[in-house]
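1. just coords:
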């Protein structure tokens, strides 16, 4: 076990993948000498060379489209999108090419591309630097989407993503980059928990609280606070956003009968809607209350002095837990 | 797969080595080696790349152009008869496609657009595979790795980036193959094509951009896409370019060889504008009489790539009755093969819809497949259920 930051854990996972497979190539803007704007690729170009760790021109569709060509040639490109809000120029290549190539060619052409996306808010950035675009991609068939919440998962899951023969979007919670945690760098990928599995991170009996990425930490803090009030919260870290691990989700909701989902992304059409709808379909008779969503608002990501109002924090999540529990809450007395 | 019995691919890369200095120019005059009347014009530089093209090979180039025109006509007929949902004719672009494809080496890799059926045919794609997607039996017609041709790209210009990335991979591998992107005049306005040229230039990737300027992007004339010659755009990216008569198969072969040779020897990308004309509609769903002048069509009919090749063969005394008979027989046979292959193509099965979305099982999709499978089974006979469902 080694104590390291979240960013360092990803770096270490990338290094391991570069060492283990000569076909792994990193591509992105400023990922070479600078080590990326968040230093996640720090030192990798120096150690693996400019052909393995490629500083690209500033063109996201160009990065993604050339990654497709490299995958055609047998490479495993790992693409860094510098910020969440910069992924949209690459959207067409991701949705029309990366996601569909395997289907189009009846399995002849694989797209083992990993797309790393620092996402989410909380760092006081200007516009386009704090977004949560994951639902665009969970809605796109052909893609696998994961989000990591702690250094150990960051280390393990980046390697699992790179090893996947399917394209994977790997969402990194940028406000947690400097959080430290214990990382076992000797973990065996083949026996480690699959990146498609959710994980119960806090056990509880009264309400299931589902989170991913940056809000897992907030959700755990909320569970601790709720325990002080005598409410037992089970926190689930989704880890995989597509596909969702309904086996783990269902087991928890069948036990608690209550469901709260939280994410930074806006509410409408978000991942919370999918979790709520699917759980309602699958466990309707186990539910004691309507599922509750605690999410960002349906607004463009706000200017930074207001972002803490947009981001679900501990108190808003607890308010959502109270709603699910039928306890007094901010919406008490309102219909629907 | 690349060379067939009729001798396709029989033209080896020739030429005087890397003529870097003489050809590293931009655009310029249209290079033409065969006039519309079939007269061979000498061109010191381009001719040096054609010295190995024998009489036999001229005949086989002619054959390929006739055969692909016949495939194109047969596919159009199959669409009119309801056997294909759609077809994008390449009529008029035979020299651009056959000439460039015949210049390629087996290990070169092609990224074509949906109209490049002549290129695909030359690389060994089977006639019925050319129409598989247009019949609606699959999303694409062939396994790219059996012929080193990617499946045809429908998103305009997207494949230019794939070719560039593939070329970067060739570079990393230390190989001397070349990636070739085919696209049209309309595609040059797309961001992807421009980004591809940026990347290709930055990394000096071994990629050749073959732009068939057929003058029309559905109903939009090329002048709407560009105020300068398309070939001249390349210089802004630091990419050398050539502008050739795309209805002249020899000019196209020579230009492609120059570009391939440069790419193989570390000279980076080249942009070729093959000036040609889309004699037919954009697709069988299009009506060009709504937007273009019949006179324009007549002008271009006079520059037809096949009739000029035929005239050249005639002038050289090569257009024998035997040749004409052999070419006609081959075209008939391939058209027959295409028709039979189309009509007898196995129908996809309902649950095929779920296949190959991912390379490994996916829990969401498995559940949807299971549910749909039960739904179909609820009708009793699965085949009957499928046909009823399809009829709704």
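-> Yes, it's here. From a predicted model like this one, the values you see are computed outputs, not experimental measurements.

2. hmm, stretch A:168-176 in reach of chain B?
-> No: using Cβ under 8 Å from any Cβ of the partner chain, stretch A:168-176 stays clear of chain B, coming no nearer than 10.8 Å. Every C-beta, even on glycine, is put in place using the N, C-alpha and C of the backbone.

3. Show me what that stretch is in contact with.
-> Applying Cβ atoms under 8 Å, 6 or more residues apart in numbering or on different chains, the contact partners of stretch A:168-176 are A:6, A:10, A:38, A:40, A:94, A:113-123, A:134, A:137, A:143-149, A:154, A:157-158, A:161-162, A:195, A:213-214, A:217, A:241.

4. swap in stretch B:315-323?
-> Residues from elsewhere that reach stretch B:315-323, judged by Cβ under 8 Å, 6+ apart: B:38-40, B:55, B:58-59, B:62, B:310, B:313.

5. Likewise for stretch A:237-246?
-> The contact list for stretch A:237-246, computed with Cβ under 8 Å, 6+ apart, reads A:134, A:137-138, A:143-149, A:153, A:157, A:171, A:195-199, A:201, A:210-212, A:216, A:271, A:274-275, A:278-279, A:282, B:362-365.

6. among the contacts of stretch B:315-323, which two are most distant?
-> B:39 and B:59 (18.2 Å; Cβ to Cβ).

7. ok, these two, which is more surrounded?
-> Neighbours per residue, other Cβ atoms under 10 Å in any protein chain shown: of residue B:39 and residue B:59, the larger number sits with residue B:59, 20 against 12.

8. name the element that one belongs to?
-> Following DSSP states H and E, one finds residue B:59 within helix B:55-80.

9. Can you give me the buried ones in that helix?
-> Of all the residues in helix B:55-80, those buried under the rule 16 or more other Cβ atoms under 10 Å in any protein chain shown are B:57-72, B:74-76, B:78-79.

10. Can you name every helix or strand that the helix or strand following it contacts?
-> Downstream of helix B:55-80, the next assigned helix or strand under DSSP H and E is helix B:94-102. Helices and strands touching helix B:94-102, by 3 or more Cβ pairs under 8 Å, 6 or more residues apart in numbering or on different chains; DSSP states H and E, are helix B:55-80, helix B:117-122, strand B:179-184, strand B:207-213, helix B:249-264, strand B:270-275, helix B:305-315.

11. if we compare these, which one ends up closest to residue B:45?
-> Closest approach to residue B:45 among these (Cβ to Cβ): helix B:249-264, 8.3 Å.

12. Just want the angle from that closest one to strand B:179-184.
-> 140 degrees (axes from the mean of the first three to the mean of the last three Cα atoms, to 10 degrees).

13. which parts of helix B:249-264 are buried?
-> Buried residues in helix B:249-264 (16+ other Cβ under 10 Å): B:249-264.

14. And for stretch A:66-80?
-> Under the neighbour-count criterion of 16+ other Cβ under 10 Å, stretch A:66-80 has A:66-73, A:75-80 buried.

15. now these in JSON lines, with secondary structure?
-> JSON lines is the format used below for those (DSSP: H, G, I helix; E, B strand; the rest coil):
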{"residue": "A:66", "secondary structure": "helix"}
{"residue": "A:67", "secondary structure": "helix"}
{"residue": "A:68", "secondary structure": "helix"}
{"residue": "A:69", "secondary structure": "helix"}
{"residue": "A:70", "secondary structure": "helix"}
{"residue": "A:71", "secondary structure": "helix"}
{"residue": "A:72", "secondary structure": "helix"}
{"residue": "A:73", "secondary structure": "coil"}
{"residue": "A:75", "secondary structure": "coil"}
{"residue": "A:76", "secondary structure": "strand"}
{"residue": "A:77", "secondary structure": "strand"}
{"residue": "A:78", "secondary structure": "strand"}
{"residue": "A:79", "secondary structure": "strand"}
{"residue": "A:80", "secondary structure": "strand"}
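
16. just these that are near chain B?
-> A:66-73, A:75, A:77.

17. Return only those of the contacts of stretch B:315-323 found close to chain A.
-> Answer for the contacts of stretch B:315-323 near chain A: none qualify (Cβ under 8 Å from any Cβ).

18. quick one: the strands in the stretch 201-336 of chain A?
-> Applying DSSP state E, counting those that start in this stretch to the stretch 201-336 of chain A gives strands spanning A:207-211, A:233-237, A:240-242, A:259-266, A:292-296.

19. Please work out which of these is packed deepest.
-> Of all the strands of the stretch 201-336 of chain A, strand A:207-211 has the most neighbours on average by mean count of other Cβ atoms under 10 Å in any protein chain shown, namely a mean of 30.

20. Stretch B:168-184 vs chain A: in contact?
-> Yes: Stretch B:168-184 is in contact with chain A by Cβ under 8 Å from any Cβ, via B:168-173, B:179.
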